[in-house]
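>>> Predicted model follows, preceded by the sequence.
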Amino acid sequence: MPEARKARAVGFNHVALEVGDIDEALAFYGRLFAFELRGRSKDMAFIDLGDQFLALQKGRTQPADDGRHFGLVVDDKEAVRKALAAAGVEPLPGRFLDFMDPWGNRIEIVGYDNIQFTKAPHVLRGMGLAHLSKTEEAIRELADKGMAPG
């Protein structure tokens, strides 16, 4: 019998973070990032990321993350570094810009310009970010895969 075709993973629709309180989480993340809500309820909030979203869900019960994390892509990594300092949030040791939120979620901040991750031009336009570009190294990495922006 032939092997069944496997689905190919093509990206993320959203990441869900468990937090203690939705209002407190929105206030915390609002000190670090400019964002719009896609929607909210008593126990959930959805931060819009264009064609993706970050879900905040009330009810974290597990211990703080250690190595488990996700990379949040931003248009200005240094602005996040300054916002973390202003909010009294210490970045974690290491060569990356990682931090823990008050509920133990570990987040790595990644600059859009320096990675392969690429939003479609029409999505960037819709987000008001059409001015974003990639470094030569990121373009080279994309070109090696046949995915260079054009």
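Structure's in. What do you need? Predicted model only: the values in this text are computed from it and were never measured. Numbering: from 1, shown residues only.

>>> Only C-alpha atoms from now on, for both contacts and neighbour counts.
Fine.

>>> Walking through this protein, point out its strands one by one.
14-19, 37-40, 44-48, 53-58, 70-74, 97-100, 106-111 (DSSP state E).

>>> mind checking which of the ones you listed is nearest Met127?
strand 44-48 (9.6 Å; Cα to Cα).

>>> for the closest one, which positions count as buried?
The neighbour-count check on strand 44-48 (16 or more other Cα atoms under 10 Å) flags Met44, Ala45, Phe46, Ile47, Asp48 as buried.

>>> Just give me the closest of the residues you listed to Pro63.
Met44 (20.1 Å).

>>> how about the residue nearest to that closest one when sequence neighbours are not counted, what does it touch?
Leaving out its chain neighbours, the residue that sits closest to Met44 by Cα to Cα, 6 or more residues apart in numbering is Gln57, at 4.6 Å. Each residue near Gln57 by Cα atoms under 8 Å, 6 or more residues apart in numbering is listed here: Ala16, Leu17, Glu18, Val19, Ile22, Asp43, Met44, Ala45.

>>> Just send those back as JSON lines, with distance to Gly104 too.
Below are these laid out as JSON lines (distance: Cα to Cα, whole Å):
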{"residue": "Ala16", "distance to Gly104": "13"}
{"residue": "Leu17", "distance to Gly104": "10"}
{"residue": "Glu18", "distance to Gly104": "9"}
{"residue": "Val19", "distance to Gly104": "8"}
{"residue": "Ile22", "distance to Gly104": "15"}
{"residue": "Asp43", "distance to Gly104": "18"}
{"residue": "Met44", "distance to Gly104": "17"}
{"residue": "Ala45", "distance to Gly104": "18"}
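
>>> In PyMOL, how would I select the buried members of these?
To isolate the buried members of these in PyMOL, using 16+ other Cα under 10 Å:
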select buried, resi 17+18+19+22+44+45
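
>>> Sort out which one of the contacts of Gln57 lies nearest Arg5 for me.
Scanning those for proximity to Arg5, where the rule is Cα to Cα, the winner is Ala16, at 28.6 Å.
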